[in-house]
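K.L.:
this one's sequence-less:
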Ligand code: MTE
């Protein structure tokens, strides 16, 4: 028996058990044995390599490009080689190759492709570019021009502030965060002249995003473009829209040279020019009653979008909607802007705007609690929302909110309240301890009406599906094995495994008889992108429905196909994107993080000594996968809050390797105490809700709260680097 078959065999006892019962991941053996083929491993005949000439000033106009003589077999590719020189994201702002105006350091002006990478690089380094420089906006705090602004109100914020006993204001700042996927960006484009087919193979989250961008840039129709995802070594949002840009460049080169062309970023190149988490400035004002409870919030959020807006407006939507986190604030006035600066564009990163707002709200709660003589937990308990309450956007909290159970679990896991009291007593000596908690949510799936598309109705007027909404296919062969055809990608979060478990459970067939391959747009329908923690809840539900349908029609030994289309939940308050009113999400997942830290007051360095995470993701589809998501997300969050420092100086990102951009390693962590609260959601498969991003949303706030207790001082910015901590200890402003 091959390893692969042995690995996925589960006993009939396990087959009958709860779906959460862990199995070995579908891709476990190929990855553990090093056999998985990433794009750099895939052989292509006649493959050309490539390198880029990039902009070296933050703002200006290109006056002249002086190319060296190109040896035979080497080609330069630029904007003139792309029929519509724009890379489609939410809009079409960013050129595939910069043409005229330069908006940040590191934009691709042109590309040289040919047989040897080193020669391509050398030719690029000998290319000279002359510019006319223009004034540049280098810092978010100096930015005045926005790409997009949003605003919404809830209740009567003016009245709340007029009648407030006191108004408390604080400004929070959060920094960049780099996705730090193991595999940098990489794609290969192959143009099949005979079929006039433009193909991309590569590391990506969203094959249909790349497909759409290629169609627009190269003015082609659906059948003339093919996109295939290869094994993807992590993405975390960084491969949501960026692969579209590299794919358009590779495609232009493949069309021009007639050879397959590979773009394969090195780590420094990747970190210097790809999208990151948006730095943010969040101004909060709270209207308070006599007891210090919040009656209203005024919030202004500014995200640094960088040189082009890309996905930033969608990221901002999540930030502004999360402005009150899990708290019932009756009156709100929230606005947000994505600001233009002459720095590399920012984009999607696990959490998608949530971590910035959640850091701000959670820190605000701690600071208000201290002012009114309450513990952070006592103060929070007076504000938590519950089922039936009105959300920030006048939607409803439709399902049970298990925060009380989560708090109980956290006490059990890490003894939070006792330690909080203990560390709150005066501490002396060089090393001091603190413990911090954050409670948070993540709206599951796309924001607003993104998932719905246009309703399709039957003759009785019942909605049977949505045009433009996601779809998927199940194909059964005559050996009764089933393949799930979807466009969602496995990037480490385990979709091949979880989707197979859902189908096998519903069909009552062995897990090893279900397969999910890497998507190829010529084979799979568009089940939407792998973003917004939507795969399990949205596409997984389609798998469940399709599998139950197939089971009902099952004919042993025959080839059968089932297609299923998304149905929008019928209980939702319709979303209005102009006013930001209605249910922004069908459901929320909930998280609670506790960080316990030790601070060296001499150096300002801190380290984690214990941590706990309690999560409600509905019902877990695979306990081990979910544990991986929890541990990975929490560690990324603690890194975001404590050590992941990236700064741009004169428009250049100063940290572009893991020597100078520090992420937590196994030496910086401790075993996390993790628990899941079962709170099944009826519109998710087997009760599952979104899970992948939630785990990163709140850890930074918990870490900072722990540090504040250890220091006996307040902070309002992350990352809490030793420099910032020392400043705060000295009584200076740490910002
Ligand atoms: N986990 C791993 N191992 N690798 C990743 O790239 N991406 C995160 C998260 N967890 C990621 C990950 C992001 S950005 C998202 S949106 C969700 O997984 C997607 O999870 P889903 O496909 O289950 O919706």
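P.N.:
Happy to help now that I have it. Predicted, not measured: the structure shown is a model, and the values here were computed from it.
K.L.:
quick one: least confident helix or strand in this structure?
P.N.:
helix 3-8 (a mean of 41; mean pLDDT, DSSP states H and E).
K.L.:
I figured residue 239 hits residue 181, correct?
P.N.:
Yes: contact criterion Cβ atoms under 8 Å: residue 239 and residue 181 qualify, at 7.1 Å. C-beta coordinates here come from the backbone N, C-alpha and C atoms, glycine included.
K.L.:
quick one: contacts for the spatially most central residue of the chain?
P.N.:
Centrality entry for the chain: nearest residue to the mean C-alpha point is residue 350, 2.3 Å, by Cα atoms, centre = their mean. By Cβ atoms under 8 Å, 6 or more residues apart in numbering, residue 350 lies in contact with 179, 236-237, 633, 636, 692-693, 696.
K.L.:
check residue 234 too.
P.N.:
By Cβ under 8 Å, 6+ apart, the contact list for residue 234 reads 179-183, 491-492.
K.L.:
where's the residue nearest to it when sequence neighbours are not counted relative to residue 642, distance?
P.N.:
Excluding its sequence neighbours, the residue lying closest to residue 234 (Cβ to Cβ, 6 or more residues apart in numbering) is residue 181, at 3.4 Å. Counting by Cβ to Cβ, to the nearest Å, the separation of residue 181 from residue 642 is 20 Å.
K.L.:
neighbour count: those two, which is higher?
P.N.:
residue 642 (30 against 20; other Cβ atoms under 10 Å).
K.L.:
circling back to that earlier point, closest to residue 499 out of the contacts of residue 350?
P.N.:
residue 692 (13.8 Å; Cβ to Cβ).
K.L.:
whichever residue of the stretch 351-500 of the chain sits closest to the ligand - nearest residue in space that isn't next to it in sequence?
P.N.:
Distances between the stretch 351-500 of the chain and the ligand by Cβ to the nearest ligand atom are smallest at residue 492, namely 2.7 Å. Residue nearest to residue 492 in three dimensions, not counting chain neighbours: residue 234, with 5.3 Å by Cβ to Cβ, 6+ apart.
K.L.:
state the distance from the one you found to the ligand.
P.N.:
5 Å (Cβ to the nearest ligand atom, to the nearest Å).
K.L.:
where does the chain dip in pLDDT?
P.N.:
Applying pLDDT under 70 to the chain flags the ranges 1-16, 454-456, 463-468, 732-735.
K.L.:
what residues does it have near the ligand?
P.N.:
Contact residues (Cβ under 6 Å from any ligand atom) of the chain with the ligand: 234-237, 350, 491-493, 495, 530-536, 629, 632, 692-693.
K.L.:
so which of the residues you listed sit within strands?
P.N.:
In strands, judged by DSSP state E, none of the residues of the chain next to the ligand are found.
K.L.:
find the closest residue to the ligand in the stretch 51-200 of the chain.
P.N.:
residue 181 (6.4 Å).
K.L.:
look up which residues are beta-bridged to residue 282.
P.N.:
residue 172, residue 301 (DSSP bridges).
K.L.:
that one: what's it in contact with?
P.N.:
Per Cβ under 8 Å, 6+ apart, neighbours of residue 282: 171-174, 299-302, 356-357, 360.
K.L.:
nearest to residue 203 among those?
P.N.:
Distances from residue 203 to these, taken by Cβ to Cβ, are shortest for residue 356, at 26.6 Å.
K.L.:
coming back round to it: can you go through the residues of the chain next to the ligand and name the buried ones?
P.N.:
Buried members of the residues of the chain next to the ligand, counted by 16 or more other Cβ atoms under 10 Å: 234-237, 350, 491-493, 495, 530-536, 629, 632, 692-693.
K.L.:
among those, which lie within helices?
P.N.:
Assignment to helices by DSSP state H places the following of those there: 495, 629, 632.
K.L.:
my read: the last one touches residue 694, true?
P.N.:
No: between residue 632 and residue 694 there is no contact, the gap being 11.8 Å when judged by Cβ under 8 Å.
K.L.:
how about the helices of the stretch 51-200 of the chain, start to end?
P.N.:
For the stretch 51-200 of the chain, the helices defined by DSSP state H, counting those that start in this stretch cover 117-125, 157-162.
K.L.:
columns distance to residue 659 and mean neighbour count on top of those helices, output as TSV?
P.N.:
Below are the helices of the stretch 51-200 of the chain laid out as TSV (distance: least, Cβ to Cβ, whole Å; neighbours: other Cβ atoms under 10 Å):
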stretch	distance to residue 659	mean neighbour count
helix 117-125	21	16
helix 157-162	47	17
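K.L.:
just the buried residues of stretch 429-436, please?
P.N.:
432-436.
K.L.:
strands - which of these land there?
P.N.:
Using DSSP E, the buried residues of stretch 429-436 in strands are 432-436.
K.L.:
dump the residues you listed to CSV, plus distance to residue 155.
P.N.:
Compiled in CSV, those are given as follows (distance: Cβ to Cβ, whole Å):
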residue, distance to residue 155
432, 41
433, 40
434, 35
435, 34
436, 30
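K.L.:
which among those gets closest to residue 119?
P.N.:
Nearest to residue 119 among these, with distances taken as Cβ to Cβ, is residue 436, at 53.3 Å.
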